[in-house]
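Return atomic coordinates for the entry below.
(one chain, ligands or ions: 2)
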Amino acid sequence: MFRISKEFHFSASHRLDHLAPDHQCARLHGHNYIVVVELAAADLNRDGFVRDYHELAPLKAYLDESFDHRHLNDVLDVPSTAENLARHLFDWCRARWPETSAVKVSETPKTWAEYRP
Ligand SMILES: Nc1nc2c(c(=O)[nH]1)N=C([C@H](O)[C@H](O)COP(=O)(O)OP(=O)(O)OP(=O)(O)O)CN2
Ligand SMILES: [Zn+2]
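Ligands and ions are numbered 1, 2, ... in the order given. From the prediction side, this is the model:
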């Protein structure tokens, strides 16, 4: 199996307002998010690629337009946890690129959440 991945970045604010009011993440705050999309295939195409990295440009455009410098509570219809963000972006990528195998999201230098069905 071949696996490729590409990293994307955006900055956004959010509040996890379903948490107890004394939880620090229930307060308005922001992150410099990192998103890594992974694609997998048993065979390579005629170019020797799982898929050309350049074909992932629509994900950058989607993140820039819909997530960057926005308030995530206004963007997602589920709590804006890293897990939910990873699942949302996985579904978005999988609908376009069937080789999508996982999406990882980092909110801080110490944390990662991954959705991999
Ligand atoms: N499983 C998850 N736990 C938490 C999430 C999440 O999306 N999934 N999100 C948050 C906060 O939004 C934020 O990411 C804070 O993370 P945390 O690691 O607690 O932040 P700190 O940098 O302050 O951690 P320190 O250990 O104090 O450095 C919380 N949990
Ligand atoms: Zn947060």
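
And the host helix or strand of residue 101, how far out from the chain middle?
Per DSSP states H and E: residue 101 is located in strand 100-106. Relative to the centre of its chain, strand 100-106 is centred 6 Å away, using CA atoms, centre = their mean, to the nearest Å.

and it, what's its mean pLDDT?
Across strand 100-106, pLDDT averages out at 98.

Indicate whether that strand makes contact with ligand 1.
No: residues of strand 100-106 contacting ligand 1 under CB under 6 Å from any ligand atom: none, with a closest distance of 7.9 Å. C-beta coordinates here come from the backbone N, C-alpha and C atoms, glycine included.

which outside residues touch that strand?
Strand 100-106 is contacted by residues 3, 33-40, 82-83, 85-87, 89-90, 93-94, 112-116 when judged by CB atoms under 8 Å, 6 or more residues apart in numbering.

Strand partners (parallel or antiparallel) of it?
Here strand 100-106 is paired, per DSSP bridges, with strand 29-41 (antiparallel), strand 113-115 (antiparallel).
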